[in-house]
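Participant: Give me a 3D structure for the following:
(one chain, ligands or ions: 1)
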Amino acid sequence: MAVDILLGLQWGDEGKGKIVDVLTRQYDIIARFQGGPNAGHTLEFDGIKHVLHTIPSGIFHDEALNIVGNGVVIDPVIFKREMDELKKFEGNFTEKLMLSRKAHLILPSHRMLDAASEAAKGNKKIGSTLKGIGPTYMDKTGRNGLRIGDIELPDFKERYNNLVAKHKELIALYDYECDLDSMEKEWFEAIDFLKTLTLVDSEPYVHNALRQNKKILAEGAQGTLLDIDFGTYPFVTSSNTTAAGACTGLGVAPNQIGEVFGIFKAYCTRVGSGPFPTELNDKTGEDLRAAGHEFGATTGRPRRCGWLDLPALKYAIDINGVTQLFMMKADVLSGFDTIKVCTKYKYRGEEVDHLPYKIEDHLVEPIYEELPGWSEDITKVKSVDEMPASLRSYIEYIEKHTGVPVKVVSVGPDRTQTIHR
Ligand code: IMP
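Facilitator: The predicted structure follows:
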């Protein structure tokens, strides 16, 4: 049995959490493969809204097992808080959860380094979520990091102290004031909590599950345009958010990958800094933000909004080998007389239909096609037949340009507001 991958095709916040939750009943295992508490996956069902940061989005289903893979970075304090939040709901969540021993730990000093680095960048800051993601992945590739498996070792505290000593030297270079000691008590309490969870050698676990014909869904975080290699560098996150990241973040071989579900919004959003060619700094952008409640699930920051960008979407489809598209938040476009779609860019005086190396505002000008909008509220639409004709045309237009079928259209945040095509 293959591993299917679900990931974002834009700058994150596409609605992956909702779709994992919708798809979970078809899978035995849901596995997060990268990122960490910078993510905020929102799930809504039975009138309840819930935001998950590190825990896979299959946690609310009775049957599925949830694995936090080796490619993920875990902040024990945030993880414990997330688990505490789950106590409000019925179910034994710890029984359905496993953490890879090879996942890396976010230390309080990583968070401090993230803040110090951002402060030093001034107006060139990345707009990081300040969760310590970048410094933790730097320690991973620098071969200094601490991993979940290390918490079982007798000299864990010593390893921690050695790494923190290095961090303190770095923080001093930034001339950044912080009080690390006060954060350590809570962090070590959370480490004790992690020890009570199921820690696994997740790669052999996944391999055995595949041999037993178990169905696995790899859940991505952030989006393709935030990928460390293929995103709008340096305004990106620090992990591979793309399909290849599912292979390295779970220890799954490329020939084990089945379907790749690409999630995108019917328009575009971005939080944090960095280029965004179709951004709307006008009333239309404000209207999209208001209608789509576009405020960060992790940081609460207002999201930047703009029209759909087809060259960027096609790039993301190619990078990931997307086999099915899932279009989210179609309901937010209700009420716009005209919907614009960027089909090409004017780049250094020429028309191009691919994503150039640099897409800063002064280099790239989007070229739009206009499509008719629809005025109907579509949040209660249950089938393709009930969709307004203009919405059907919009979807077919996207399929024609990308060559990939749009299999799911989401018309609201609830599980039930999902139309399968
Ligand atoms: P970091 O991952 O916290 O280092 O942030 C790097 C960039 O990625 C910033 O622009 C963040 O706003 C963005 N980012 C990180 N995680 C998410 C996410 O889950 N959704 C959307 N943007 C994100």
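Participant: Just the pLDDT for residue 263.
Facilitator: Looking at residue 263, its pLDDT is 98.
Participant: Now name the helix or strand holding it.
Facilitator: According to DSSP states H and E, residue 263 maps onto strand 257-265.
Participant: what's near enough to touch whatever residue of the stretch 151-300 of the chain ends up closest to the ligand?
Facilitator: Per C-beta to the nearest ligand atom, the residue of the stretch 151-300 of the chain with the smallest distance to the ligand is residue 272, at 2.2 Å. All C-beta spots, glycine's among them, are computed from the backbone N, C-alpha and C. When contacts are counted by C-beta atoms under 8 Å, 6 or more residues apart in numbering, residue 272 touches 126-129, 235, 301.
Participant: element containing it?
Facilitator: Using DSSP H and E, no helix or strand contains residue 272.
Participant: Count the neighbours of residue 194 for me.
Facilitator: 18 (other C-beta atoms under 10 Å).
Participant: And what about it, helix, strand or coil?
Facilitator: helix (DSSP: H, G, I helix; E, B strand; the rest coil).
Participant: who touches it in this structure?
Facilitator: 74, 76, 79-80, 99, 148, 151.
Participant: Among those residues, which ones are in helices?
Facilitator: Using DSSP state H, 76, 79-80 are the members of the contacts of residue 194 that sit in helices.
Participant: And stretch 42-58, what's buried?
Facilitator: Across stretch 42-58, burial judged by 16 or more other C-beta atoms under 10 Å covers 42-44, 50, 52-58.
Participant: Next: stretch 165-185.
Facilitator: Buried-residue list, stretch 165-185, by 16+ other C-beta under 10 Å: 167, 171, 178, 180, 183.
Participant: Sheet partners, orientation included, of the strand holding residue 263?
Facilitator: Using DSSP bridges, the strands paired with strand 257-265 are strand 3-8 (parallel), strand 324-328 (parallel).
Participant: Quick check on residue 384: phi, psi?
Facilitator: phi -60, psi -40 (degrees, to the nearest 10).
Participant: Please report how far it lies from residue 421.
Facilitator: Going from residue 384 to residue 421 by C-beta to C-beta, to the nearest Å gives 6 Å.
Participant: quick one, which of the two is more surrounded?
Facilitator: With neighbours defined as other C-beta under 10 Å, residue 384 and residue 421 compare such that residue 421 has more, 17 against 13.
Participant: which residues touch that one?
Facilitator: Taking C-beta under 8 Å, 6+ apart as the test, what residue 421 contacts is 384, 395, 405-409.
Participant: overlap between those residues and the residues near the ligand?
Facilitator: Checked against the ligand using C-beta under 6 Å from any ligand atom, these yield no neighbours at all.
Participant: Farthest-apart pair in the residues you listed, please.
Facilitator: 384 and 405 (12.3 Å; C-beta to C-beta).
Participant: Name the residues contacting each of residue 384 and residue 421.
Facilitator: Counting by C-beta under 8 Å, 6+ apart, nothing touches both residue 384 and residue 421.
Participant: correct me, but residue 89 touches residue 61?
Facilitator: No: look at residue 89 against residue 61 with C-beta atoms under 8 Å: they stay out of range, at 11.8 Å.
Participant: if you count what's nearby, which of these two comes out ahead?
Facilitator: Legend: neighbour count by other C-beta under 10 Å for residue 89 and residue 61, higher for residue 61 (18 against 12).
Participant: In this structure that one contacts residue 25, no?
Facilitator: Yes: in this structure residue 61 lies within contact range of residue 25 using C-beta under 8 Å: 6.1 Å.
Participant: Return the distance of the biggest helix by length in the chain from the chain's centre.
Facilitator: When the chain is parsed with DSSP H, its longest helix is helix 156-174. Centroid separation for helix 156-174 versus its chain: 29 Å, with C-alpha atoms, centre = their mean, to the nearest Å.
Participant: for stretch 407-421, same thing?
Facilitator: The answer for stretch 407-421 is 19 Å, by C-alpha atoms, centre = their mean.
Participant: Output the set of residues of the stretch 101-250 of the chain in proximity to the ligand.
Facilitator: 126-129, 131, 133-134, 221-222, 226, 235, 237-238.
Participant: Now intersect these with the helices, please.
Facilitator: Short answer: these in helices (DSSP H) are 133-134.
Participant: Buried ones among the residues of the stretch 101-250 of the chain next to the ligand?
Facilitator: 126, 128-129, 131, 133-134, 221-222, 226, 235, 237-238.
Participant: Can I get those in TSV including pLDDT and distance to residue 343?
Facilitator: TSV is the format used below for these (pLDDT from 0 to 100; distance: C-beta to C-beta, whole Å):
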residue	pLDDT	distance to residue 343
126	92	29
128	94	32
129	94	32
131	97	36
133	98	34
134	98	34
221	96	29
222	96	25
226	98	23
235	96	24
237	97	28
238	98	32
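Participant: Look up the pLDDT of the residue of the stretch 151-300 of the chain closest to the ligand for me, please.
Facilitator: At residue 272, pLDDT is 88.
Participant: same check, this time on residue 123
Facilitator: At residue 123, pLDDT is 90.
Participant: Look at it and give its secondary structure.
Facilitator: helix.
Participant: Give me the number of neighbouring residues for it.
Facilitator: Neighbours of residue 123 under the rule other C-beta under 10 Å: 5.
Participant: these two touch, right, residue 203 and residue 70?
Facilitator: Yes: Residue 203 is in contact with residue 70 according to C-beta under 8 Å; the separation is 7.0 Å.
Participant: Now list whatever residues contact both of those two.
Facilitator: 100, 102, 250-251.
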